[in-house]
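1. Following is a predicted model, sequence given first.
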Amino acid sequence: MAEFNTSIKEQGAVSIINLKGYLDAHTAPILENNFVELIDKKCFQIVVDFKELAYISSAGLGVFMAYIEKIRESNGDIKLSGMNDKVYNIFDLLGFPLLYEIFKSETEAVQKFTEK
Amino acid sequence: MNLNSLKINLNLIIWIISSLVVSAFIYRLLFFSSNSTLFFIVNDFIVFLLLVVLILFLIKSLGKKNPHPSALVLNIGIISAFVFLVMMFAENLLNIQIKNISSNLVHKGILENLLHTFYGLMYLGIAGYFFAAYKELYFYKQQNRKSTYFTIMSVFIALSALSNLFFNAEEYQFIYNTFFIISIILIVFNSIKISWIAFISKKEKISLLILSIIISALFILNLINNGKADFNGTVLMTFSPAIYQLFNLVLIYGAVYFLVLFFTTLFHIPTAEAYDRKANEVSSLQFFSKLITQVLDIEELAETITDITTKVSSADAAWIIVNENGDNKILSNKNIALVDADLINQYLLKSGICEKITETKICTLQKFENKSQLSEKFSSLAISPLRAYNEVKGYLIAARKNELIFYEEDKTAINTFSDYASIAIENSLLLEQSIEKERLEKELDVAREIQKKILPSKDPKFENLSVSSVFIPAFEVGGDYYDYFEIAKNKFAFIIADVSGKGISAAFIMAEVKGIFSSLSRMLESPKEILIKANEILQQTLNKKNFVSALYGIIDFDKEIIRFSRAGHCPAILVRDNSVEMFKPSGIGLGLTNNILFSNHLEEIKIDFKENDTIVFYTDGITEAKNKEFEDFGEQRFSEILIEHSNKSVNQIANEVIKDVTLFSRNHSQYDDITLVIFKWHKKNNIDGVKEWQSSTPQLKNKVL
């Protein structure tokens, strides 16, 4: 079956969540837990890297919506990076580029945080 | 002769015994003074017959009661002690009594004879009981109940006894001796076979050890007291030489048997504990295997497992930890406080002792730094992995206190048991899952039912526009929704939407969306305004995680135009003059963001219809349909098919698209709902076209492949 896992690394004040595999309704809770964890630790500067993500479903997209409000209220943000064309298209269709900053690479996204 | 094969009615035996006893008395009273050989032969015949019948009777009644060997041994001991006492005091008592009473009697011989007969019959009874008891002991727990050896021995004992009667003279001594020696050899041979000793508990073995040596000593003493020159010997010899000899042999058997029993028990004592433990294990396993089929509740099962673990491994405490979504929780604990178990768990999981264990592992708590915090002094642990679906789901831990520690040999028992426990837990989980699955399936049935009622039951018919739709639900109910609204005489509105999520929650959102759009479509006449209003409502009501992608359009028959706005939905595809054009006006999905941002980015576009324009709306179930290589069907393939069949009727086009998608994803299950809505514009009143959709529409609607 489709597998999904995440890994979190810290780069200064920025936390980077690396997604791998298939993010859908069944695997979405894993990512949700990651966000809850980071918010609990008051890490509000989050980059989600999609480099190794093969597929995302609407339920997977919903995860980002669930926490963005809270994170932005705390002067943080979720920035997205490294999407392949297919994943980008899904985000684009829903108008996500209007809601999130999407970068080509993880470094660019992290840089954006540090520039501020 | 097989003693078991003789089936004799018990009542009859009692009658025979009684009559034989009476006849023995009468015979001896009548011919008491006779000294002829014939007298002895007839006397011994009666007596021996009595003995044989008595033994058969005793064997039968003992076999019926099926006494425990320890009880039999105790009985034999009591009787032999009684015999010993009788032999000690009989001479004095009997002689004094006879002298006292007989002084008043004419025939003092009669009384003496009477008493001697009584005395002899008593010994006969005792000998009979001993013999029957020996037989019972001999056959107890004997694997192959071969009676040959015992029968041969019985025959030789009988022959030896009878030879004492007939071959008492000097010249025939060798015959008597031969039988006697063979009997003794057989007695020794049969005494060695004591198989039942292994099956009794340690406690019983210890008492048996003492008992057997005492009984053996009593038998030897009795044997010594029963010499031919002694009082007993003389009385018994006069009563019946055969019985005398038999009694001696029975005493020898007893002496040898109990001596052997003593040594056998002595050698069994060191292994007695192991036997006890094995017996305990076996009974626990039996108990447990019964429970496997009974327990439906995982927690109840866990309780039982810990309870039996303490018994099987003679542990002081036991508990189960299971890993659930990364958290370790204690499923059940026996004889240990939760706090203690938690402390030990933390130590075990942190120190990595539990990692990668495939079978029971013994470890001590010597290195456990928080040992002093434990309320009880646990010292040694046996950790067993609990597997389900070949994955370690948790651990079964047994603990011993103080100086008691687990040894390697304790491992096997716990290991076997934890295997059983794993299977039981796996079964329990499977059961739970199948119940959950059934519940989910019921839920999905409800969701499908809702979706079916929400979607339009038929496609509308218009003069200038043919409409065809196909909806194929996914197993899990994907949340696709489409609808038609007749808003004015010359206007027709439609919506196609995809609710995020699946199952019953998606079905409920779908119902809400239907409600919103059917009311908004009557109030507002601009797709953009309607979507903005819908976003406003959904933004408030939807859970943050949920959103709806939608495309709302209005066709104006008078103006021959279509206007639509897209809120995060798949683009519209226009097929015109053998080429396709994608229309993807800007727009964010409904419920994703606040109304300002939403309306700022929402576009509305207008397309002027041309003759034979085909415009296609769809959900991502089509473009994201996958083949077995996990490739998407994609927009490219979709466009190609649309161009290829653009000259056909809307129903035919829909058919071709669905056929291709189905063929493409035939080796992959349909994950999402598929919805396809196709419009075709006929400015000229195309009679053929009208006919076409009128006749073919019904079988295409809500088509389930």
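-> Arrived safely.
2. List the backbone torsions phi and psi for the closest residue to chain B within chain A.
-> Residue nearest to chain B within chain A (CB to the nearest CB): A:Gly95, separated by 3.2 Å. Using the backbone N, CA and C atoms, a C-beta is placed for each residue, glycine as well. A:Gly95 adopts backbone torsions of phi 80, psi 20, taken as degrees, to the nearest 10.
3. The nearest residue in space to it that is not next to it in sequence: what secondary structure?
-> Nearest residue to A:Gly95, sequence neighbours excluded (CB to CB, 6 or more residues apart in numbering or on different chains): B:Ile588, at 3.2 Å. Here B:Ile588 is recorded as coil under DSSP: H, G, I helix; E, B strand; the rest coil.
4. In contact with B:Ile588, which residues?
-> B:Ile588 makes contacts with A:Leu94, A:Gly95, A:Phe96, A:Leu98, A:Leu99, B:Ala567, B:Gly568, B:Leu597, B:Phe598, B:His601, B:Leu602, as judged by CB atoms under 8 Å, 6 or more residues apart in numbering or on different chains.
5. Looking at the residues you listed, which two lie furthest apart in space?
-> Farthest apart among those by CB to CB are A:Phe96 and B:Leu602. That separation is 14.9 Å.
6. longest helix in chain A, by residue count?
-> If you go by DSSP state H, chain A has its longest helix at helix A:58-73.
7. got the CA positions of that one in PDB?
-> Backbone C-alpha positions of helix A:58-73 (Å, rounded to 0.1, in the frame of the first residue of the first chain) are rendered in PDB as follows:
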ATOM      1  CA  SER A  58      -7.700  16.900  -0.900                       C
ATOM      2  CA  ALA A  59      -7.500  15.600   2.700                       C
ATOM      3  CA  GLY A  60      -3.800  16.100   2.600                       C
ATOM      4  CA  LEU A  61      -4.300  19.700   1.500                       C
ATOM      5  CA  GLY A  62      -6.700  20.200   4.300                       C
ATOM      6  CA  VAL A  63      -4.000  19.600   6.900                       C
ATOM      7  CA  PHE A  64      -2.300  22.800   5.900                       C
ATOM      8  CA  MET A  65      -5.500  24.800   6.300                       C
ATOM      9  CA  ALA A  66      -6.100  23.400   9.700                       C
ATOM     10  CA  TYR A  67      -3.100  25.100  11.400                       C
ATOM     11  CA  ILE A  68      -2.200  28.000   9.200                       C
ATOM     12  CA  GLU A  69      -4.500  30.500  11.000                       C
ATOM     13  CA  LYS A  70      -3.000  29.700  14.400                       C
ATOM     14  CA  ILE A  71       0.500  29.800  13.100                       C
ATOM     15  CA  ARG A  72       0.000  33.200  11.300                       C
ATOM     16  CA  GLU A  73      -1.600  34.600  14.400                       C
END
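8. Run through chain A and note the low-pLDDT ranges.
-> A:1-2, A:116 (pLDDT under 70).
9. Near chain B, which residues of it? Just list them.
-> A:25, A:54-55, A:57-59, A:61-63, A:65-66, A:69, A:86, A:90, A:93-96, A:98-99 (CB under 8 Å from any CB of the partner chain).
10. Any chance of a ChimeraX selection covering the buried ones in these?
-> Buried residues within the residues of chain A next to chain B, by 16 or more other CB atoms under 10 Å in any protein chain shown, are selected in ChimeraX with:
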select /A:25,54,55,57,58,59,61,62,63,65,66,90,93,94,95,96,98,99
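11. Same list, the contacts of B:Ile588, but as a markdown table with distance to B:Tyr134 and secondary structure please.
-> Shown next, in a markdown table, are these (distance: CB to CB, whole Å; DSSP: H, G, I helix; E, B strand; the rest coil):
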| residue | distance to B:Tyr134 | secondary structure |
| --- | --- | --- |
| A:Leu94 | 94 | coil |
| A:Gly95 | 99 | coil |
| A:Phe96 | 95 | helix |
| A:Leu98 | 101 | helix |
| A:Leu99 | 97 | helix |
| B:Ala567 | 100 | strand |
| B:Gly568 | 96 | strand |
| B:Leu597 | 103 | helix |
| B:Phe598 | 102 | helix |
| B:His601 | 105 | coil |
| B:Leu602 | 106 | coil |
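12. Looking at those, which one is closest to B:Phe517?
-> Nearest to B:Phe517 among those is B:Ala567, at 11.5 Å by CB to CB.
13. Need the per-residue pLDDT for that closest one.
-> B:Ala567 is assigned 95 on the pLDDT scale.
14. So which residues of chain A form helices?
-> With DSSP H as the criterion, chain A has helices spanning A:28-40, A:58-73, A:85-93, A:96-99, A:106-115.
15. same question, the stretch 401-550 of chain B
-> B:408-454, B:503-523, B:527-541 (DSSP state H, counting those that start in this stretch).
16. How about the last one and chain A, touching?
-> No - using CB under 8 Å from any CB, helix B:527-541 stays clear of chain A, with a minimum separation of 10.9 Å.
17. quick check: angle from whatever helix or strand B:Ile562 lives in to helix B:527-541?
-> Element membership of B:Ile562, judged by DSSP states H and E, is strand B:561-567. Orientation check (axes from the mean of the first three to the mean of the last three CA atoms, to 10 degrees): strand B:561-567 against helix B:527-541 gives 20 degrees.
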